[in-house]
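S.K.: Prediction below, plus the sequence it came from.
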Amino acid sequence: MSTVTLRDIHKTYVDNEVIKGVNLDIHDREFVVFVGPSGCGKSTLLRMIAGLEDITSGDLLVDGDRMNDVPPDQRGLAMVFQTYALYPHMTVAENMAFSLRLAGVSKERRMERARDVARILQLEPLLDRKPGKLSGGQRQRVAIGRALVRNPKVFLFDEPLSNLDASLRVQMRIELAGLHESLQSTMIYVTHDQIEAMTLADKIVVLQGGIVEQVGSPLELYHHPRNLFVAGFIGSPKMNFLAVQTTGVQDSGTTVRLPGDATITIPVQPRTLMAGDRATLGIRPEHLRIDASNPTLMGEVLVVERLGGETYLYVKVAGGDTFIVQTDGDSRAKVRDRVPVSIDGNLCHLFDGAGQAIPKAERHPLSLTHHPEVPLQTEAPREQTYEQPIQPHEVPRQAE
Amino acid sequence: MTSSIATPTHSPPPARTRSHRSIPARLLVAPSVILLVLWMVVPLAMAIWFAFQRYNLLIPDEREFVGFANFTYILTDPTLWISIGITMVLVVSVLAITIGLGTVLAVLFNQEFFGRGVARVLAISPFFVMPTVSALIWKNMLMHPVNGLFAQITRGLGLGAIDWFADFPLLAIIIIVAWQWLPFALLILLTAIQSLDTDQMEAARMDGASAMQLFRFVVLPHLNRAIAVVAMIETIFFLTIFAEIFVTTGGGPGLATTNLAYYIYLKALLEFDVGGASAGGLIAVVLANVVAIFLMRSVARNLDT
């Protein structure tokens, strides 16, 4: 068992509060990813868990023990740094076994341990080399090995792949997923790359400006973002937003009027929105269709990006907004074409004037996996302030 | 077959262009090279020439070729060996002090503390004082047995005064030179410490390193290269320490502070024995080269990793 619990964690540098009260439960064997734009405090939060930064106020619990004042090496955590932070004058084996050397383990024992770990990471042929003679991917693996040697309760990763080139990053991402699968240990991972977050995480924590915007499984964030920030941050290309006016609120959904006078009914719960309120409609590029039979809006193509498999059209629609539409790779659309854009109300998101999402009437089936027995959020999210993130639906995963 | 045809047709042009280009380039470089070579070669040639002559300025007419007589005379002169020994003591002890203290100070000056900028400037300032002046300051204001600050302090405490240049002449010289060169070591080592990756320190902290272990396993290995460079540069200068000795002890008492440079000076300008001094100079050149080769080897090995 290794759980990490954050209770109202704050961090203040002189007058500058960078972490503004974070509450988080990380369960045993969970792979948790902190994402957010740069400067959101995700690395600071990780370093506070590691013990490299002091906690201004709040409690950090590892396996239920308060760790605020425990030195970093005694928290039972191991960290992998973005820059790898290998000791350049030591060989790979010495690097990996350094913590054991400090702990006074005999040379044979620690070399044996280094070899064991090297076997897991396929580093055996490199054990006698110095880090300077290794490639980026190999260095990254040594850094992971150095963490593995300590047999930690929790692994911390601080943007571990951002110094690698794109193809190596994909490969290391898959290796990390495999490592988590085989080690079955708790991992906390910081990244700004949402693909890493979506593919690796059991649970994503979206941070902005030192507060947690939303916590949830990757697909939960994708299908049920709690607010405009999360909706815009998760998903690539970014979700399209359009200012709309509410025209009718029924139990089955809310009807809104788009700038071009078209109306759409979105199946969301009848909440605080009233007819006549301003609201924001969100729709992902992959959910928009170029469909002449059922056009919701007409627009002019400004830019065409062809990726081969798919094509992104930047379409200027009525009202002056630009939509990104993901369409077929074989699309024949050209710049300055007028295209019909079709919006399916079932795939839309609706946000109130404060940027909070209006909960969908039905949850997406794939976003229920972590908490099947918990019903829809029926309590009003508006009452819960931004600063107090909710984790209403965390059920520990069954131990295999 | 194609390659055998291709090579002769393709190889001449680059060769031609290279020679074509290099002639004016060499011509343009020539003046400075010639000047440098003359600057080095002429004195060296003259030193070698004089080393094989009997040439005393008191009897300048009796110049004659004497073969290796100057060398045998110098090498059998016990003073030479004493001066070489003193040179070595001086070099090694000042190196040890400047690098040892310099490393400690570099670590301290890298910490955040109030007035760090001012403290750094003060710590570095001895290096800007010229050797003769600093030697005079130490001789007359600090170490003087009557007027010196040290004597006044110790006398104030009822401990009596130490006559540094009479009782511990070599130690006094070592202290003066170390005081002058400590800032140099500090400066180089401080910049080296500043280039240390903080992630590495943090990784070591997470691995459980104490402050001393951090220094021993992370900081010191990182400084290796800088220490080697400091040692090399300082050795080159310490082999030829002269002003400090000339100003303070004049090589004495007896031969207690006569190093090789001062010995050569004694030979040439006090005994007017140009031939013997030249021979001594050549021995010094050989000695410096031997030391330099060893240093270069060790430094090069350090720079490699």
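M.R.: Sure, I can see it. Residues are numbered from 1 along each chain as shown, chains lettered A, B, ... in the order given.

S.K.: Chain A contacts on the stretch 51-200 of chain B?
M.R.: In this structure, the stretch 51-200 of chain B approaches chain A at residues B:197, B:199, B:200, judged by C-beta under 8 Å from any C-beta of the partner chain. Every C-beta, even on glycine, is put in place using the N, C-alpha and C of the backbone.

S.K.: ok now do the last one, which residues does it touch?
M.R.: This points to residue B:200. A:85, A:86, A:87, B:218, B:222 (C-beta atoms under 8 Å, 6 or more residues apart in numbering or on different chains).

S.K.: now do the second one
M.R.: Counting by C-beta under 8 Å, 6+ apart, residue B:199 makes contact with A:81, A:82, A:83, A:84, A:85.

S.K.: Tell me the pLDDT of the first one.
M.R.: Going back to what we said before, that points to residue A:81. On the pLDDT scale, residue A:81 is placed at 90.

S.K.: Could you tell me the phi and psi values at it?
M.R.: For residue A:81, the backbone dihedrals (degrees, to the nearest 10) come out as phi -90, psi 160.

S.K.: Show me which helix runs longest in the chain.
M.R.: Let's take chain A. When chain A is parsed with DSSP state H, its longest helix is helix A:166-183.

S.K.: ah, I was thinking of chain B
M.R.: helix B:12-51.

S.K.: got the buried residues for it?
M.R.: Taking 16 or more other C-beta atoms under 10 Å in any protein chain shown as the neighbour-count basis, helix B:12-51 is seen to contain the buried residues B:47, B:50, B:51.

S.K.: Can you verify my assumption that the first one contacts residue B:280?
M.R.: Same thing as residue B:47. No. Taking C-beta atoms under 8 Å as the definition, residue B:47 is not a contact partner of residue B:280, at 9.8 Å.

S.K.: what residue ranges in chain B score low on pLDDT?
M.R.: Confidence mapping of chain B against pLDDT under 70 gives the ranges B:1-22, B:302-305.

S.K.: Could you list the domains of it?
M.R.: Under automatic domain parsing, the residue ranges defining each domain of chain B are B:2-51, B:69-304.

S.K.: Please identify the most buried of those domains.
M.R.: Each of the domains of chain B was given a mean neighbour count from mean count of other C-beta atoms under 10 Å in any protein chain shown, and the largest, a mean of 17, is that of domain B:69-304.

S.K.: Tell me how far it lies from the chain's centre.
M.R.: Relative to its chain's centre, domain B:69-304 lies at 8 Å (C-alpha atoms, centre = their mean, to the nearest Å).

S.K.: repeat for stretch A:251-269
M.R.: Between the mean C-alpha point of stretch A:251-269 and the mean C-alpha point of its chain there is a distance of 29 Å (C-alpha atoms, centre = their mean).

S.K.: mind checking the SS state of residue A:5?
M.R.: With DSSP: H, G, I helix; E, B strand; the rest coil as the basis, the three-state label of residue A:5 is strand.

S.K.: Please name the nearest non-neighbouring residue to it.
M.R.: Distances taken as C-beta to C-beta, 6 or more residues apart in numbering or on different chains place residue A:61 nearest to residue A:5, at 4.1 Å, with adjacent residues excluded.

S.K.: could the contacts of residue B:200 go into JSON lines alongside secondary structure?
M.R.: Listed next are the contacts of residue B:200 as JSON lines, based on three-state DSSP:
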{"residue": "A:85", "secondary structure": "coil"}
{"residue": "A:86", "secondary structure": "coil"}
{"residue": "A:87", "secondary structure": "coil"}
{"residue": "B:218", "secondary structure": "helix"}
{"residue": "B:222", "secondary structure": "helix"}
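
S.K.: Could you list the domains of chain A?
M.R.: For chain A, automatic domain parsing gives the domain ranges A:4-228, A:238-351.

S.K.: what sits against whichever residue of the stretch 101-250 of chain A sits closest to chain B?
M.R.: Taking C-beta to the nearest C-beta as the measure, the point where the stretch 101-250 of chain A comes nearest chain B is residue A:102, at 4.7 Å. Remark: with contacts taken as C-beta under 8 Å, 6+ apart, residue A:102 is in contact with B:207, B:208, B:209, B:213, B:217.

S.K.: Quick one: these as CSV, columns for distance to residue B:43 and secondary structure too.
M.R.: Conversion of those to CSV gives the following (distance: C-beta to C-beta, whole Å; DSSP: H, G, I helix; E, B strand; the rest coil):
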residue, distance to residue B:43, secondary structure
B:207, 56, coil
B:208, 59, coil
B:209, 53, coil
B:213, 52, helix
B:217, 48, helix
